[in-house]
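> Next come a sequence and a model predicted from it.
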Amino acid sequence: MKLVRRLIRGALDLLFGRENISPPRIPRINIPRFVLQRLMRLTRPTTGRVEPLALAVVRYASEDAQDVVVVVDCIAFADEAYVDGLAGTNFDTRWLMSIANSRAASNSGLLLVHCHDGTGKPAFSAIDRKTNNEVMATLAVGMTTIPYGALVLSSDDYYAIVTMDGGLTPARVMIVPDAGGRLDLSA
Amino acid sequence: MIDRSRIAFLGAGYERLRVAIVTVVGAGGGGSHVLQQLAHLAVGTLVSVDPDDLENSNVNRVVCANYTDIGMPKATLLVRSLSHLGGRMVALRRRAETPIARAWIERSDLVFGAVDGARARNNIEQICRAALVPYIDIGLTILTSTDGAVTAIGGQIVTSLPNGTCLRCAGVITDDSLAEDREEYADSDIEQQVISMNGLLASQAVTGGIALLADYAPKFPPPAVVRYDGLLHEMRSDDWLNQACPHFPLTDAGWTVVLPPRKHTA
């Protein structure tokens, strides 16, 4: 009887091909909705700062899910982290590294976050790409258990890259419904 | 091809359903209803996870099952029955904690759990919380006295979202229930279940899941806990307002256990 069952099961598996199917490994970043809203607030232009920066604190979902990045916190750039420069927003990479080091102790990486004007799918500018490659990708060197990357926001959309297989790769940004809207977090 | 005219109210949310990955752990009385409804909605990818084969005692409540299917894996049976509805379907004859099932859960947009026992619920919720995947748990308990009279019919649907109420907050999982939970569930008394009540809870759970995925009424998210009293014919929602979950702080999500990492230097 057992043999018959096993044969039927094998035939079904063969027919439908649905056993042992692994999920697609498409890089994704899961951001709770209220964390995204906080990031949007932190990167909104102010009178004193045209393009404020923020950091999203991120981890891989698990040891075996290094294509799934979860956003667990966010950090505003400190005033002393900004430095004067020729174009756009310039920051002190030593400040960024000190944050990266302190967060690495809890296996957390960072996404550099900023906001572009307008609506629709945003894209990294040439300066953004240079920063991503020279700073964020460099942070990831030798850090195989920790994700790094960058996220750019518009008023209604987002685009992100994360380190994967030694390089920065575009990732799907998934807005996770959360209880933030139900909870009063201001208390 | 699905006719969208009667679900037009979902608007752009329908597109989100069409590309979503939804995993349903448990393919018994509750899980089979959930899977069937999601298949009818043509959810993009549906994953059915259940390690058990169909038994004679299951047929009265597992939708799509009949007596000729006895001995077949429940997950495979459901996928075989529902695969013609359009979406991609995956059957895993495994427990949720196994690597491949866990991999699907971590990459899902939503996970439903309709399983027996506190330990299994706890494990699924832990995987979901770590990966920031919304988890909807359903459960039904029918208690009878020694003479067979029904003394209580209780059920619950818990929507476990990042930063929100969890199964422990809702009282579904306790230290005692985890300690009492035995792997050999078959050795315990035969658990009473009935298809109509399983279906009621599953329908409410799927409705909450669609609201989350399609986001058609963001100001009215599904309640954190819906409790069902089958004797009073009553379903009641407990929203647990202003109670942040102390068991799964958001900052603990993801892969946290590591060796001391190398330091960045300027």
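Noted; the coordinates are in hand.
> ok and the residue in the stretch 101-250 of chain B nearest chain A?
B:G164 (2.5 Å; Cβ to the nearest Cβ). For the C-beta atoms, the positions are set from N, CA and C on the backbone; glycine is no exception.
> Now that residue. Nearest residue, chain neighbours left out?
A:A179 (2.5 Å; Cβ to Cβ, 6 or more residues apart in numbering or on different chains).
> pretty sure the one you found is touching B:C166, no?
No. Shown here, A:A179 and B:C166 do not form a contact pair, counting by Cβ atoms under 8 Å, at 9.9 Å.
> and for the two, which residues touch both?
Shared contacts of A:A179 and B:C166 (Cβ atoms under 8 Å, 6 or more residues apart in numbering or on different chains): B:C245.
> for the chain, what spans make up the strands?
All of this refers to chain A. For chain A, the strands defined by DSSP state E cover A:28-32, A:54-62, A:65-76, A:82-83, A:90-91, A:109-115, A:149-153, A:158-164, A:167-176.
> not quite, I wanted chain B
Going by DSSP E, chain B shows strands at B:21-25, B:45-49, B:88-92, B:110-113, B:135-144, B:150-160, B:225-229, B:234-238.
> Adding distance to B:A75 and mean pLDDT as columns, could you present the ones you listed in CSV?
What follows is the strands of chain B, written out as CSV (distance: least, Cβ to Cβ, whole Å; pLDDT from 0 to 100):
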stretch, distance to B:A75, mean pLDDT
strand B:21-25, 9, 97
strand B:45-49, 4, 96
strand B:88-92, 4, 94
strand B:110-113, 13, 98
strand B:135-144, 17, 92
strand B:150-160, 22, 92
strand B:225-229, 26, 94
strand B:234-238, 28, 90
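> now those strands as a markdown table including distance to chain A and mean neighbour count?
Conversion of these to a markdown table gives the following (distance: least, Cβ to the nearest Cβ, whole Å; neighbours: other Cβ atoms under 10 Å in any protein chain shown):
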| stretch | distance to chain A | mean neighbour count |
| --- | --- | --- |
| strand B:21-25 | 7 | 28 |
| strand B:45-49 | 8 | 26 |
| strand B:88-92 | 5 | 23 |
| strand B:110-113 | 9 | 28 |
| strand B:135-144 | 11 | 21 |
| strand B:150-160 | 9 | 20 |
| strand B:225-229 | 12 | 19 |
| strand B:234-238 | 12 | 13 |
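> May I have the phi/psi pair for B:A149?
phi -70, psi 140 (degrees, to the nearest 10).
> low pLDDT regions in chain B?
B:1-2, B:4-6, B:182-190, B:239-243, B:257-266 (pLDDT under 70).
> quick one, longest helix in it?
helix B:195-214 (DSSP state H).
> Buried residues of it, list them for me.
Across helix B:195-214, burial judged by 16 or more other Cβ atoms under 10 Å in any protein chain shown covers B:195, B:197-202, B:204-206, B:208-214.
> ok, which of those residues also contact chain A?
B:L212 (Cβ under 8 Å from any Cβ of the partner chain).
> ok now do A:P23, which residues does it touch?
A:P23 makes contact with B:I21, B:A103, B:W104, B:R107, according to Cβ under 8 Å, 6+ apart.
> ok now stretch B:89-97, how far from the chain's centre?
Remark: stretch B:89-97 is offset 13 Å from the chain centroid, using Cα atoms, centre = their mean, to the nearest Å.
> wait, stretch B:148-164
12 Å.
> ok, now stretch B:211-222?
When distances are taken as Cα atoms, centre = their mean, stretch B:211-222 is centred 18 Å away from the chain's centroid.
> Just the CA trace of that stretch, in PDB.
What follows is stretch B:211-222, C-alpha atoms only, in PDB (Å, rounded to 0.1, in the frame of the first residue of the first chain):
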ATOM      1  CA  ALA B 211      -7.600  44.500   2.700                       C
ATOM      2  CA  LEU B 212      -3.900  44.500   3.500                       C
ATOM      3  CA  LEU B 213      -2.600  43.400   0.100                       C
ATOM      4  CA  ALA B 214      -5.000  45.400  -2.100                       C
ATOM      5  CA  ASP B 215      -5.000  48.300   0.400                       C
ATOM      6  CA  TYR B 216      -8.500  49.400  -0.900                       C
ATOM      7  CA  ALA B 217      -9.400  51.000   2.500                       C
ATOM      8  CA  PRO B 218      -6.100  52.000   4.200                       C
ATOM      9  CA  LYS B 219      -8.000  53.900   6.900                       C
ATOM     10  CA  PHE B 220      -9.800  50.700   7.900                       C
ATOM     11  CA  PRO B 221      -7.100  48.100   8.400                       C
ATOM     12  CA  PRO B 222      -8.200  44.600   9.600                       C
END
